[in-house]
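Q: Got a predicted model here, sequence first, then my questions.
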Amino acid sequence: MGRGRAKAKQTKVARELKYRSISTDFSSLERELRSPSDEIPDQYADLADAYVDDADDLKAEDDDDEDESWPLRLSG
């Protein structure tokens, strides 16, 4: 007992998904996909600047470490 109700519910949901008509706003989807990827909303601009600064700092650190041999050897 117990599996019958769960299976019946799954079948009901599956049929609803299969046969239900879905109206998709393709023009809205196209606008979303065509928008420039580097455009950041004003409310997130300060966060984006912080991440860009952090990424620049990490890149500078990586450039400084180029003279070390890779892979690093651990003495122990």
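A: Yes, it's here.

Q: how about Ile22, phi and psi?
A: Dihedral pair for Ile22: phi -110, psi 130, per degrees, to the nearest 10.

Q: Could you measure from it over to Leu47?
A: Between Ile22 and Leu47 the distance is 35 Å, computed by Cβ to Cβ, to the nearest Å. In this view, the C-beta of every residue, glycine as well, is placed from N, C-alpha and C.

Q: and what of Arg20?
A: Between Arg20 and Leu47 the computed distance is 39 Å (Cβ to Cβ).

Q: Which one of these two is surrounded by more residues?
A: Leu47 (10 against 7; other Cβ atoms under 10 Å).

Q: does the more buried one sit in a helix or strand, and which one?
A: For Leu47, the element it lies in under DSSP states H and E is helix 45-64.

Q: same check, this time on Glu30
A: Per DSSP H and E, Glu30 falls inside helix 26-34.

Q: on contacts alone, who are the packing partners of that helix?
A: For helix 26-34, there is no helix or strand it packs on, judged by 3 or more Cβ pairs under 8 Å, 6 or more residues apart in numbering; DSSP states H and E.

Q: For it, what does the pLDDT average out to?
A: When pLDDT is averaged along helix 26-34, the result is 83.

Q: swap in stretch 14-23?
A: Summarised as a single mean, pLDDT over stretch 14-23 is 87.

Q: First-to-last residue distance for it?
A: One end of stretch 14-23 sits 18 Å from the other (Cα to Cα, to the nearest Å).

Q: Same check on stretch 33-47?
A: End-to-end distance of stretch 33-47: 23 Å, with Cα to Cα as the criterion.

Q: Stretch 18-26 too?
A: For stretch 18-26, the first and last residues are 20 Å from each other (Cα to Cα).

Q: Provide the contact partners of that stretch at residue level.
A: For stretch 18-26, contacts defined as Cβ atoms under 8 Å, 6 or more residues apart in numbering pick out no residues.
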